[in-house]
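Chemist: structure for this input, please:
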Amino acid sequence: MSFTFMGFIIDNNGDLRDVVTNEVKKEKFMGTDLLARLNRYRLPFEEDLAAYTPELLMEKLTQVLNLREGRVIPAADYQLTLDNTIKILAIHMRMRANIPVVIMGETGCGKTRLIEFMCDIIKQSNLSKVEDNDKGKGVNNLISLRVHGGITSQRIAETIRKAEVQADLNCGVNSDFKTIVFFDEANATSEIDLITEIMCNHTIKGRKINTSIRFIAAVNPYRKHTPEMIKRLKNAGLGYQTADSEVFDKIGEIPLRELVYRVHPLPPSLKPLIWDFGAMDNETEKRYIKLIIESRLATASINEAFRAKLVDIISGCQDILRKRTDQCSFVSLRDVNRFIEVFNWFLRMNAIFTERAEEQASSGTSQYNTNDYPAVVMATINAIGVCYYVRVSSREDYLEKVAEYFEEPFPRVTGKALGQDIAATQMVLLHEMLHKSGVSFPAVAENGALRENVFMMVVCIELGIPLFIVGHPGSSKSLAKLIVKSCLSGDNSSSPLFEHLCQIHMISFQCSQQSEAEGIERVFLSAKRYISQNSNYKNRRVVPVVVLDEIGLAEDSKKMPLKALHSLLEDDGSSGSVKVGFIGISNWSLDPAKMNRGLYVTRQLPDVEELKETALQIFGSELRTEEIEEQLVNVTNIYKEVYDEFCLTDTKSYIGLRDFYCLVKYLRRKTQDRQGRLTLGDIQNGILRNFGGIN
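Modeler: So this is what the prediction gives:
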């Protein structure tokens, strides 16, 4: 049985037609006699393969791969399309010829999942031929190695030995049952030459490898960021902690952080084996999005019109980011899966969020008003806020473009309205923590940075999604961590909202330039040990959260401790089980390839209006008079002018946000001491105390 994809249609009259528009490109392109003979050889020129259903594609796969019909049950979480069906068949053809396969493609385009799906259906078919159930025990035809920078030659050799033992077991089931060794992100390690020997020569350090083993490698492209992109990365937070000339993680003179992916060049002998997996165009991505929505949407009550428009909105969010020239341009199907996961969570939590928002609005304690939108609309808006909005710097422009996709049956909205709705939901959560949790947080300004950081931490912890937060000192990262740690007590919470959320067990690790990979691995091991000792983990009531503080300090360490992080995050998310929470906090810019493994927040410096609002909130309404408010505004304007001037030099860290906040707290204390008065001398002393030492 064969499966032929021609890419065009020839109808019964012999006319050549476009496969998409069905437009006649050339009349009488093929004679009817030749067409009839080719049809007898099962060359389906008249079939529109793009219209095949997943069930029909699966039927074709089972026929071509010689699988036992009716005995293969495809994974429910994988969507078969014409695109990945053709890719599976191409890989299968190379494997039959014992040609190693090297798949190159962007992160998140589905390379790993496709290999896992292909191996799963082949394994099921082979096991269905076994009459003795005991004979099929322990059979596994896929041995994967998640390659990262810290992988050693010993680890690779152990993987090959494991594969050879497994191959002997598999051949006992069926002599033609091949075992596949899959090197995921093979060019992420300096041991790429050893992997090349294994794949090209079928040997490891000169020793022959079992002939029933086949090799597949997935690699990311080797290319540098544009100069504009490198400049943006260096300006995120405090920039990079170590100068380019001093970093240890480099290839020749090129620091790996200047590459789109931290990978090594492929050896020449591997290059002929490369098969470009390609990047999805918008239409292909839309089909994937539609299939993901159909399979993973939590409720069937959402009608077809809403589902169709949701596909357009998600596709639009992805496309807008993909056209950018900064680190936000890296989007993939991982983001779509996260979007649906967050969307489902907000659908479940909509009633309790609405109840708390109405209670806060009626008591007059919240400055944000929520719109009376249906639950599906609010879930969509909040999922945009979590998965896309917080990662961009020009947020107003982004939301204006996203708003263009909101059409019937969704309400017509503006970008400003979307931003207000996102802020309103964030404020509900922060307000509950500061005023309803039973924990006191004096002199805390409920500004945008704190609101956003707290919100993202809670959502990502609940869903087990890794989170990275990058921002200048004073952007409320550590304060948000403290608030979340104090308030998330699960069933012991005093707030009805937090009773619906998990209780967390936070495990912190302070990174430094002396950090080692073993130390980070021990933190994750401690979290997993906590899981095994706590029965409440299974029902998601108590969750361990690993927090890496100042993760940016370890980014350019000589010992390269963060090389182990990639595999740790991937392992936590590889199974369908509940995941360990992870939060990485940094003042310094991070490698985009790491941040793409989860969600990330980029906190820009606040503008002068946000600084004024923060200063007034820290000062407190009980002490403020019109005269004092005017003085605070003047102090804020002066600080902003001074900061903008010193921001161009290396001394900008001496006048950071924390210095400004300490100045406001000093003025507040002096006003309390003078029973409501604030003098010019107090302001001068405060400035000298907090900004002294600058030339």
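Chemist: what is the burial count for Cys200?
Modeler: By the measure other C-beta atoms under 10 Å, the count of residues near Cys200 is 15. (Glycine included, C-beta is placed from N, CA and C.)
Chemist: go on, Asn201?
Modeler: The tally of other residues near Asn201 (other C-beta under 10 Å) stands at 12.
Chemist: give me the phi and psi for the residue most central in space within the chain.
Modeler: Taking C-alpha atoms, centre = their mean, the centroid of the chain lies closest to Gly598, which sits 3.1 Å from it. Gly598 adopts backbone torsions of phi -160, psi -160, taken as degrees, to the nearest 10.
Chemist: local confidence estimate at it?
Modeler: Listed pLDDT for Gly598 reads 86.
Chemist: residues in contact with it?
Modeler: Cys460, Ile465, Pro466, Leu467, Phe468, Leu569, Phe582 (C-beta atoms under 8 Å, 6 or more residues apart in numbering).
Chemist: could you rerun that using 6 Å?
Modeler: Contact analysis of Gly598 by C-beta atoms under 6 Å, 6 or more residues apart in numbering lists Ile465, Pro466, Leu467.
Chemist: lowest-confidence helix or strand of this structure?
Modeler: Across the helices and strands of the chain, the lowest-confidence element by mean pLDDT, DSSP states H and E is strand 250-251, at a mean of 49.
Chemist: buried set for the helix or strand where Arg155 lies?
Modeler: Element membership for Arg155, per DSSP states H and E: helix 153-173. With burial defined by 16 or more other C-beta atoms under 10 Å, the residues of helix 153-173 counted as buried are Ile156, Thr159, Ile160, Ala163, Glu164, Gln166, Ala167, Leu169, Asn170, Val173.
Chemist: nearest to Asn140, of these?
Modeler: Distance ranking of the buried residues of helix 153-173 against Asn140, using C-beta to C-beta, places Gln166 first at 5.9 Å.
Chemist: what's the closest non-adjacent residue to that closest one?
Modeler: Nearest non-adjacent residue to Gln166, counting by C-beta to C-beta, 6 or more residues apart in numbering: Thr179, 5.5 Å away.
Chemist: correct me if wrong: Arg658 contacts Gly474.
Modeler: Yes - at 4.1 Å, Arg658 counts as touching Gly474 under the criterion of C-beta atoms under 6 Å.
Chemist: of those two, who's got more company?
Modeler: Gly474 (21 against 13).
Chemist: correct me if wrong: the more buried one contacts Asp659.
Modeler: No - between Gly474 and Asp659 there is no contact under C-beta under 6 Å: 7.9 Å.
Chemist: pLDDT at the residue nearest to Thr425 when sequence neighbours are not counted, what is it?
Modeler: Spatially, and ignoring its direct neighbours in sequence, Thr425 is nearest to Asn382 (5.2 Å; C-beta to C-beta, 6+ apart). Note on Asn382: pLDDT of 95.
Chemist: could you report the neighbour count for Asn382?
Modeler: Neighbours of Asn382 using other C-beta under 10 Å come to 26.
Chemist: how much space between it and Gln684?
Modeler: To Gln684, Asn382 is 46 Å away according to C-beta to C-beta, to the nearest Å.
Chemist: can you check Gln514 too?
Modeler: The gap separating Gln514 from Gln684 is 41 Å, by C-beta to C-beta.
Chemist: how about Leu347?
Modeler: Counting by C-beta to C-beta - Leu347 and Gln684 are separated by 55 Å.
Chemist: more neighbours: which of those two?
Modeler: Neighbour totals were compared for Leu347 and Gln684, and Leu347 leads with 21 against 10 (other C-beta under 10 Å).
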